[in-house]
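1. When you get a sec, could you give me coordinates for this:
(chains A and B)
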Amino acid sequence: MQNNATEKPNVLRVADATMQFGGVVALNNLNMDVNRGEIVGLIGPNGAGKTTAFNVITGVYPPTNGAIYLNGEMIVSNYPQGKMKELYAGENKGKYSKAKVLTPDKITKMKVARTFQNIRLFKELTVYENVLIAQHVKLKSNWLAATLKINHKEEKAMRDETMRLLSILDLADVKDAVASSLPYGKQRHIEIARALATEPKMLLLDEPAAGMNPQESDELMHFVGRIRDDFDLSILMIEHHMQVVMGICERIYVLDYGKLIAQGTPKEIQKDPKVIEAYLGVDD
Amino acid sequence: MPMDFQYKLLSKKTKMILTILLVLGCVALTYMLDQGMIGTSYTVRIVRISVIYALIGVSMNLVNGFTGVFSLGQAGFMAIGAYSVGVFTIPFESRANVFYLVPMSEKIVNVELSFATSLIMGGLLAAAFAALIGAPVLRLKSDYLAIATLGFSEIVRALIANNQLWPITNGSLGLKSIPGYETLFTPVLISAAGIAFMVLLIKSSYGRAFKAIREDEIAAEAMGINLFKHKEMSFVISAFFAGIGGGLLAVHLTAIDTNQFKIMVTYELLLIIVLGGLGSVTGTVISAFLISFGKELLRWFDVPHYIGTWAIPIFRPGLRMVIFSLLLMMVVLFWRKGLMGRKEFSWDGIYNFFRKWPWRWRKLVRGEYKIENRDKRKIKREGRAVDKAGRAAGREVRREEKLKQKEVDSDAE
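-> Next up is the predicted model:
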């Protein structure tokens, strides 16, 4: 394994993940590692399969073939089954023989949180409620205890934690605003705050700087770095703003047509001829 | 220059006192109605049906308005509750009379349960059915789910009227001689307790999870909320209270048959929750009373009226429902969010609503509304003009492109 050189323990490992929809191979044999405390970028031209990779990691789709490890433990694994047996066009067929599929909520419980490319806040609820709802995943009492307020201590702890989070992330002043009424950049911050409320160890950000002006994306860059340190996170982010990616990511993976075409530090990536070809095209 | 309107909050103490006064007022009103001090037995009947519909309405709102699951199975759950109360509370001496065609099954003919026991049993039975059908049905989305639950409620109705269940349910003959209410307090208190329970549930963390599912299923799931578990929870709790409501209804009517639990009942409830506001408990309660009383008030249209000796031809049975439907259409067209939208009753809201009147009045007197509306109209008109110009420009561009394309094509030829 190429990453044994680093001393940091591995948090997330995607092994030979292939995602095939019918005849389309959206993700082909992706191998990827995120180590503790790292900020890793995932880039690639439009339609390269970046969001598909996110969806596979967070359980929205089970991979057609391959496995996902969290802290060294296999959490998801699958192999081509049913009609996929014949249709399967990816690599490593037959390497995996165990089918273990988890739904997104289970994966979130394992401390992997995400944001979405097109903001998916609970639009008509307030910022406070948005963050409070995300703490539901930690709730231990059952519905009857919660209804009859037997768990009022837990409820209070949740509310206090929400306020603490909001004030750390400088969102306390908008806490009673309806989420959809806020400007775009603020909504992105709230989405990250909401993801943090689930107490993740691994955070996946899908284009956090999309639609932001240079100044806003600069702020976001600092913000991401700050939450990494404050919350002891490992971060995997998809991003198109090269300025952000090159500025903050320690390592970068480049996808094109579902395949990994390059990986390395930002400097290595900038010089990689394959990456330049994928982004700019090349003379015939 | 008048000061701008500022939203003011009442102190906690004031609100507490007001709430206690409201509760005492309700209790006093119920007592007076019960003792016949105000109103007639007819009013009492309408109040009874209102509180029962309020309970069932809130239970339906829990699923439809708060969880965002479009379920139409409420009549089925009501039927289950109504029949379990009906079957087990008919007094021994009347049983032979009720089951005159097919005698009551020997296993239950000697079982008579108290009202409370049979009511809870009805609720639990309805909840059990909900849990059972929830497993396959709740995996469906929107319209499909509505159709499946609608189908379920019809199946329940057909099952109850079925030949094999005749010794238990008396089939299509229905049940009668169910002992009625002794006091108005019974339905009022049970319904209030049920609604209070659901309000607490909605305010708890689980209730917030329901709302999250309503807002965005994908995001809710990504926040660690198990979609199926929470939908099933809300569905089953809703069915429990619908069963309780059905039981209350059976005692209110004292005679039930399967025709009383047709789809029309579900529609009526749907009407109540839409008029009150999907996602508002207070809205549902208010509109349950409004619709129950409204339907009775509109009875004036059902009886013939005369000018001299000439009977006006349109006043005949059925006109009431025509007017009712028209009113509803107006509500849906012009007041889409219902009475309350997703808001709940709050003393602060009421207080500020009335405090705001001087400002509104001043605006009205000074004609500021007129100016505002004129400006709005102007903006709209300008917007339309811009749109029109834009469309015209678009047409022009497309036409030019077409011409160019034609030229290119003819050159190629």
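2. Can you tell me the centre-most residue of the chain?
-> You didn't pick a chain, so chain A it is. When Cα atoms, centre = their mean is applied to chain A, the residue found nearest the centroid is A:L204 (1.8 Å).
3. Wait, chain B was what I had in mind.
-> By Cα atoms, centre = their mean, the mean C-alpha position of chain B lies nearest to B:I273, the distance being 2.8 Å.
4. tell me the SS of that one?
-> Of the three states, B:I273 takes helix under DSSP: H, G, I helix; E, B strand; the rest coil.
5. how many other residues sit next to the spatially closest residue to it that is not a sequence neighbour?
-> Counting by Cβ to Cβ, 6 or more residues apart in numbering or on different chains, B:N61 is the residue found nearest to B:I273 once chain neighbours are left out, at 4.6 Å. For glycine as for every other residue, the C-beta is placed from the backbone atoms N, C-alpha and C. Neighbours of B:N61 under the rule other Cβ atoms under 10 Å in any protein chain shown: 27.
6. name the element B:N61 belongs to?
-> helix B:41-61 (DSSP states H and E).
7. ok, back up a step: B:L55 versus the residue nearest to B:I273, what's the distance?
-> According to Cβ to Cβ, to the nearest Å, B:N61 and B:L55 sit 11 Å apart.
8. So for the closest residue to chain B within chain A, what's the pLDDT?
-> Nearest to chain B, among the residues of chain A, is A:V137, at 3.0 Å (Cβ to the nearest Cβ). For A:V137, the model assigns a pLDDT of 91.
9. Please give the three-state secondary structure assignment for the residue in the stretch 301-413 of chain B positioned nearest to chain A.
-> Going by Cβ to the nearest Cβ, chain A is nearest to B:R342 of the stretch 301-413 of chain B, at 7.1 Å. At B:R342 the chain is in coil, as set by three-state DSSP.
10. Excluding chain neighbours, what is closest to it?
-> B:R342 sits nearest to B:G279 (Cβ to Cβ, 6+ apart), 4.1 Å away.
11. before we move on, what about B:T282?
-> Once flanking residues are discounted, B:T282 sits nearest to B:F345: 3.8 Å by Cβ to Cβ, 6+ apart.
12. tally of neighbours for the one you found?
-> Neighbours of B:F345 using other Cβ under 10 Å come to 14.
13. Tell me the backbone dihedrals of it, please.
-> phi -60, psi 130 (degrees, to the nearest 10).
14. likewise A:N29?
-> phi 50, psi 60.
15. State the three-state secondary structure for the residue of the stretch 151-300 of chain B at minimum distance from chain A.
-> Shortest the stretch 151-300 of chain B-to-chain A distance, computed as Cβ to the nearest Cβ: residue-wise this is B:G224, at 3.0 Å. Applying three-state DSSP to B:G224 yields a three-state assignment of coil.
16. So, low pLDDT: which residues of chain A?
-> By pLDDT under 70, the low-scoring segments of chain A are A:1-7, A:282-284.
17. Helices of that one, residue ranges please.
-> For chain A, the helices defined by DSSP state H cover A:50-57, A:84-87, A:104-109, A:127-134, A:143-147, A:152-168, A:184-197, A:214-231, A:242-248, A:266-271, A:273-280.
18. in the fifth one, what counts as buried?
-> What that stands for is helix A:143-147. A:143, A:146-147 (16 or more other Cβ atoms under 10 Å in any protein chain shown).
19. hmm, back to that, roughly how far apart are the residue nearest to B:I273 and B:T149?
-> Using Cβ to Cβ, we find B:N61 at a distance of 15 Å from B:T149.
20. Check the separation of the first and last residues in stretch A:85-105.
-> From its first residue to its last, stretch A:85-105 covers 28 Å (Cα to Cα, to the nearest Å).
21. Same check on stretch A:60-76?
-> Stretch A:60-76: ends 12 Å apart by Cα to Cα.
22. residues contacting B:W347?
-> B:W347 makes contacts with B:10, B:14-15, B:18-19, as judged by Cβ atoms under 8 Å, 6 or more residues apart in numbering or on different chains.
23. What's the mean pLDDT across the longest helix seen in chain B?
-> Ordering each helix of chain B by length in residues (DSSP H) puts helix B:368-412 first. The average pLDDT for helix B:368-412 rounds to 81.
24. what's near enough to touch the spatially closest residue to B:R299 that is not a sequence neighbour?
-> Counting by Cβ to Cβ, 6+ apart, B:R320 is the residue found nearest to B:R299 once chain neighbours are left out, at 5.9 Å. Neighbour list for B:R320: B:295, B:298-299, B:301-302 [criterion: Cβ under 8 Å, 6+ apart].
25. on that earlier part again, any common contacting residues for B:N61 and B:L55?
-> With contacts taken as Cβ under 8 Å, 6+ apart, not a single residue reaches both B:N61 and B:L55.
26. Send over stretch B:82-96 as CSV, restricted to the C-alpha atoms.
-> C-alpha atoms of stretch B:82-96 as CSV (Å, rounded to 0.1, in the frame of the first residue of the first chain):
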residue,chain,number,x,y,z
ALA,B,82,-64.9,1.6,16.4
TYR,B,83,-65.7,-2.1,16.0
SER,B,84,-63.6,-3.2,18.9
VAL,B,85,-65.3,-0.8,21.2
GLY,B,86,-68.7,-1.6,19.6
VAL,B,87,-68.4,-5.4,19.9
PHE,B,88,-67.2,-5.6,23.4
THR,B,89,-69.3,-2.9,25.1
ILE,B,90,-72.8,-3.9,23.9
PRO,B,91,-74.6,-5.0,27.1
PHE,B,92,-75.4,-8.8,27.4
GLU,B,93,-79.1,-8.3,27.3
SER,B,94,-79.1,-6.5,24.0
ARG,B,95,-76.6,-8.9,22.3
ALA,B,96,-79.3,-11.4,21.1
